[in-house]
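> One predicted model, sequence on top.
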Amino acid sequence: MIDPLQAARQITHIFLDSYDKVTRENIETEADKALAYPHYGQVDRAKLIEQLIADFGVYSGEATSLVDENIVPWVAERKVTQSDWPLWARYATHMKSKDPGFPVRSLDILTDTVLDKCVDPARQGTWDRRGMVVGHVQSGKTSNFIGLINKSVDAGYKLIIVIAGIHNSLRSQTQLRVDEGFIGRKSADFIELHRKIKTGVGEYHVDTEIFSYTSSADDGDFKKIIAERLNVPVGGHSPTVLVIKKNKSILENLIDWLSRYSVDTDEGFPVIQNIPLLVIDDEADNASVNSGKDINDIRTINRLIRTLLTLFQKKTFIGYTATPYANIFIPEEWNNDQESVIGGKKFRVGEDLFPRDFIVNIPAPSNYIGAARIFGYENPETGEGCEGLDIVRPADDQEPYFPKTINKTNKGNLPDDVPASLYEAVQSFILTCAVRRLRGQENVHNSMLVHVALYVSWIDRVAKLVDEILEDYRGQIKAGKGSVMTELQALYQKDFIETTRKTLTSLGDYSDAAITVHNWEDVRKELRNAVIKIEVRAVHGTRNTSQLEYHNVAEINYELNKKTGLSVIAVGGNRLARGITLEGLSVSYYLRTSRMYDSLMQMGRWFGYRPGYADLCRLYTTDQLISWYRHVTVATQEMRADFDEMAGRNKKPSDYRLKVRTHSGQMTITAASKMRKHEIIRVGFSGSFKQTYEFSKEQITIKKNLDVLQSLISDLPAPFTDQGNKFYWKGSIADKVAAFIENYQSEVPGIKPDVIAAYIRKQNKKDVLLNWSVALKSNTNAKHTWNFNFSDGPRPVGLTERTNISKGRTYILSKGNIQDPPDLYFDLGLKPEKGKVGVPSERVHEARAASGNGLLVIYPLDPAQITAENNPPVIGFYLAFPKIANEELVEFAAQVKPGFEDGQDDDDDDEQP
């Protein structure tokens, strides 16, 4: 039975749908109308209003797009002639009924934006559209593309193929979502038992009946025998859909079966005419991108997806991903003579999968908890950003239990126990489940992720050990005594209470009415009911458990437990690392490293939406991984900023590839995955900025950078001092700036000093970028100073204070940001508008471009927070380039950041042990 509070919330949302703009006054008025119904007399009015305010506090920015100039919009005109979009209407109604706060209006606008860039299925002749939609990890991409599928079929697309990852678990999970959001019928029951059981949108009547050739069963991927038995023709009156995985035999069988609907062209290749096809490639950067050496070396999955598309006369292909780095570098050229032979027939391979026609960038809603929210981030230009949530916990005690590298040499050395941090993580999960019950979330899913290795034998052993720990805790909690009760109380009072208080003040732009501090006694009373529900599952590809220690390896099926909620600790490897959604994930124990930035982001299963329990989430990981994630966060934010800037200039996808390719800051997230290790890259820095945000603690490095700065300022004339908090110089001093940067030792992967210095000198040869403003920041309220030798004598300089996070041999600025916004334009004569704090970044860019001057601001950082008070200052800088027309690019050999090179852990997840 639906909770009265949620029912009242749902009705109030219906009342509020008629408002263009919802205010608190509107909310209170309509909430009172809902509470006037007899069933809701006991609902707490204050809680209802607080929840509604939180619902309407969530917002999403507008999507930005890079679009080929030849694409002609058509959706708006179609809506004039076609008023009825029944599949979309029922999907929107269904999503709103599941969650009254679901942003249906935003999804409506966004799916229109994407559909407008697909080809109108009513268009005659041959057409081929290629695009990509870029979202965020665990941000709702599936809801987005299911909404798009509904609209596309309303518009006239006849066949939908969703390619969902490389594992059965993800394919099955995606099929369940398609059943619920598009088909309206449980595919497994229909195909295997010939029963029509409604689900999701099936509760709302439409005249269109949709058929699926695949099902949500574990073995429900495409099979010719099932398709023939269904006897539903492709392209007929009823639209058809398939959800398949990226698998050689599956794709070959599908192509062979579909070819029965084809006719041969004059060149002898089969083609299917007049059946508009929409292909959704979920996780488009995984397996789909060709990793061969050149255009003639085509890997299997890439070859077969291209062959599938070439088989159709009319098709739109859209890749969905949160990590598009590899897709951007897919070559636009291809060998048109390449062929595939399938079932004894020849097929043309055709064009590669570069999103040549459009890329749509989806902004994250304000309630999304992603890398920036977890690790903290500040925009270096505007100063806007957010502090990281206090939910990351150290797990640097992994050895000797879990070696940092597990390979063929040591894979047989299985652990007999686990680190103390994993014991604590299990306790945190028990507490989380108990607290969620206190918050009215008794029947929700709760998941914990344990990811330490890829070998099945290791997954098996760790699952067994975790299950033994859980069973011990369960016994003590049932008895109400034992050491774990004391440990749980201490952990809750020391960690959970304070974290909840901090979270309430650091959620940023949205509020969460369910988050509140509970007293220990109330939590203790829920521990028994919480721990009884928890089970441990080993997640790997082996189903024959006869030689394994732990036999609970069933797929995690949340659908079977949707009424009571599933509480599960999932111990796994690659099958948990990409695509699959762990419902209600709260605690993650993650140690496995990856050498690829895109893989690191995809492994972040802890990203997403955490309504009512963001404060309870915990990520147990290592200092090294935290450091790497912060690098990825900064690089990804820069990449998205580049995208938005180019979208504003009406650029197309191939322009964006060029932009990323010539942006050296991005090499740290692309070189390790799909680009050659020593590929020659041409880069430019027109209109860009660089800043140091990570610094070595080694005294030899600190001393070297201090000497480089000292050499610069002693070589410059006497500084200007009228800025008050800066010593500064202006003029034709590019040679001195280049020398300083070239000799500086950087810890930031996006800052390659030799490349930047070479770039400056190359511009100078064309009499460009000769003039610079150089400033040495002096904190007027400094606790400590350092004497520098200027050309006109020694002067004390106030050291800049910045909060930081210590990470092994380096420390990182807590917001990834070194500069103060006024420093970015002190030399341009700009002042904030009346009532404003800073100058908009657009004005700064325009003024710097007009000046033609580069900017270097140097910050001597107070070492008191880093090493020791009496040590020399740590030197950092901010560097800004003006926009340069026809800039001279500089070449360098792509280098992968140390620690990101080849040699990842082995993986036997698909092998029998």
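Everything's here; your move.
> any chance you could map the helices in the stretch 501-650 of the chain?
520-533, 597-602, 623-648 (DSSP state H, counting those that start in this stretch).
> Minimum distance to Trp257: which of the ones you listed has it?
helix 597-602 (31.3 Å; Cβ to Cβ). Any C-beta I mention is one placed from the backbone N, CA and C, and that applies to glycine too.
> Let me know which of the helices of the stretch 501-650 of the chain is tucked in deepest.
Between the helices of the stretch 501-650 of the chain, helix 597-602 has the highest mean count of neighbours, a mean of 23, where neighbours are mean count of other Cβ atoms under 10 Å.
> where does the stretch 351-500 of the chain dip in pLDDT?
Residue ranges of the stretch 351-500 of the chain with pLDDT under 70: 377-386.
> Could I get the full set of strands for it?
With DSSP state E, counting those that start in this stretch as the criterion, the stretch 351-500 of the chain has strands at 358-361, 377-378, 385-386, 392-394, 446-451.
> The stretch 101-250 of the chain too?
Going by DSSP E, counting those that start in this stretch, the stretch 101-250 of the chain shows strands at 127-134, 159-164, 211-212, 240-244.
> In terms of secondary structure, what does the first one contact?
Identification of packing neighbours for strand 127-134 by 3 or more Cβ pairs under 8 Å, 6 or more residues apart in numbering; DSSP states H and E yields helix 141-155, strand 314-321, strand 358-361.
> Could you dump the ones you listed into TSV and include distance to Gly412 and mean neighbour count?
Putting these into TSV (distance: least, Cβ to Cβ, whole Å; neighbours: other Cβ atoms under 10 Å) gives the following:
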stretch	distance to Gly412	mean neighbour count
helix 141-155	39	23
strand 314-321	37	26
strand 358-361	46	24
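> Can you say which of these is nearest to Val571?
helix 141-155 (24.4 Å).
> what about that closest one, distance to the chain center?
21 Å (Cα atoms, centre = their mean, to the nearest Å).
> averaged over its residues, what pLDDT does that helix have?
Helix 141-155 shows a mean pLDDT of 95.
> For stretch 550-559, give me every contacting residue.
With contacts defined as Cβ atoms under 8 Å, 6 or more residues apart in numbering, stretch 550-559 is touched by 168-169, 172, 176, 216, 218, 445, 447, 460-461, 463-464, 467, 535-540, 542-543, 545, 566, 568, 570, 582-583.
> ends of stretch 804-821, how far apart?
In stretch 804-821, first residue to last residue: 19 Å (Cα to Cα, to the nearest Å).
> circling back: how about the helices of the stretch 501-650 of the chain in TSV, adding distance to Ile818?
Listed next are these as TSV, based on distance: least, Cβ to Cβ, whole Å:
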stretch	distance to Ile818
helix 520-533	42
helix 597-602	22
helix 623-648	12
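> Lowest average pLDDT across these?
Looking at the helices of the stretch 501-650 of the chain, the weakest mean confidence is helix 597-602, a mean of 61.
> quick one on the thing from earlier: of the strands of the stretch 101-250 of the chain, flag the one that's most buried.
Comparing these by mean neighbour count (mean count of other Cβ under 10 Å), strand 159-164 ranks first with a mean of 26.
> between that strand and strand 240-244, how many degrees?
20 degrees (axes from the mean of the first three to the mean of the last three Cα atoms, to 10 degrees).
> how far off helix 141-155 does strand 159-164 point, in degrees?
Using the same axes, to 10 degrees: strand 159-164 against helix 141-155 is 170 degrees.
> Adjacent strands (with direction) for strand 159-164?
Using DSSP bridges, the strands paired with strand 159-164 are strand 240-244 (parallel), strand 277-282 (parallel).
> Save those as TSV, and put in mean pLDDT and distance to Asp823 too.
As requested, those are arranged in TSV below (pLDDT from 0 to 100; distance: least, Cβ to Cβ, whole Å):
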stretch	mean pLDDT	distance to Asp823
strand 240-244	97	52
strand 277-282	96	43
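> my read: Asn296 touches Asn335, true?
Yes. Between Asn296 and Asn335 there is a contact under Cβ atoms under 8 Å: 5.5 Å.
> between these two, who's got more neighbours?
Asn335 (13 against 10; other Cβ atoms under 10 Å).
> And that one, its phi and psi?
Phi and psi for Asn335, reported as degrees, to the nearest 10, are phi -90, psi 110.
> Now for it: which residues touch it?
Ile295, Asn296, Val349.
> Surely the first one forms part of a helix?
No. The assignment for Ile295 by DSSP: H, G, I helix; E, B strand; the rest coil gives coil, which leaves it out of any helix.
> Tell me the spatial nearest neighbour of Gly220, not counting adjacent residues.
Thr214 (5.5 Å; Cβ to Cβ, 6 or more residues apart in numbering).
> Would you check how far apart that neighbour and Ile163 are?
As judged by Cβ to Cβ, to the nearest Å, Thr214 and Ile163 stand 11 Å apart.
> what is in contact with the two at once?
Ile244.
> what about the closest residue to Gly156 other than its chain neighbours, how many neighbours?
Excluding the flanking residues, the one nearest Gly156 by Cβ to Cβ, 6+ apart is Pro121, at 3.7 Å. Other residues near Pro121 come to 19 when the count uses other Cβ under 10 Å.
> Might one say that Pro121 is in contact with Tyr157?
Yes. Using Cβ under 8 Å, Pro121 makes contact with Tyr157 at a distance of 4.8 Å.
> Now the common contact residues for those two.
Joint contacts of Pro121 and Tyr157 (Cβ under 8 Å, 6+ apart) are Pro276.
> hmm, back to that, look up how far Val75 lies from the residue nearest to Gly156.
12 Å.
> Then Leu470?
52 Å.
> same deal with Val162?
Using Cβ to Cβ, Val162 is found at 21 Å from Val75.
> now Phe877
Relative to Val75, and taking Cβ to Cβ, Phe877 is found at 48 Å.
> So Leu712 belongs to a strand, correct?
No. Counting by three-state DSSP, Leu712 falls outside a strand, being helix.
> least trustworthy helix or strand in the chain by mean pLDDT?
Lowest mean confidence among the helices and strands of the chain (mean pLDDT, DSSP states H and E): helix 667-670, at a mean of 46.
> hang on, the earlier thing: redo the contacts of Asn335 as TSV? Include distance to Gly370 and pLDDT.
Output for these, formatted as TSV (distance: Cβ to Cβ, whole Å; pLDDT from 0 to 100):
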residue	distance to Gly370	pLDDT
Ile295	35	84
Asn296	39	85
Val349	37	96
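> Can you tell me which of those is closest to Ala757?
Ile295 (35.1 Å).
> Buried residues, stretch 274-285. List them.
Under the neighbour-count criterion of 16 or more other Cβ atoms under 10 Å, stretch 274-285 has Ile275, Pro276, Leu277, Leu278, Val279, Ile280, Asp281, Asp282, Glu283, Ala284, Asp285 buried.
> The first one is in what secondary structure piece?
Under DSSP states H and E, no helix or strand contains Ile275.
> For it, which non-adjacent residue is spatially closest?
In space, Ile275 is closest to Gly235, 3.6 Å off (Cβ to Cβ, 6+ apart).
> And for the one you found, the neighbour number?
16.
> That one against Leu159, yeah?
Yes. With contact defined as Cβ under 8 Å, Gly235 counts as touching Leu159 (6.5 Å).
> And Asp390, how close does it get to Ala434?
Distance from Asp390 to Ala434, by Cβ to Cβ: 20 Å.
> Okay, and the beta partners of the closest residue to Lys533 other than its chain neighbours?
Leaving aside its sequence neighbours, Lys533 sits nearest to Ser567 (Cβ to Cβ, 6+ apart; 4.2 Å). Beta-bridge partners recorded for Ser567 (DSSP bridges): Asn446, Ile534.
> And Ser567, how far from Ser172?
In terms of Cβ to Cβ, Ser567 sits 21 Å off from Ser172.
> now Ser506
Taken as Cβ to Cβ, the span from Ser506 to Ser172 is 37 Å.
> And for Arg356?
32 Å.
> more neighbours, the two?
Neighbour count, other Cβ under 10 Å: between Arg356 and Ser172, Ser172 has more, with 25 against 20.
> I am finished for the moment; much appreciated.
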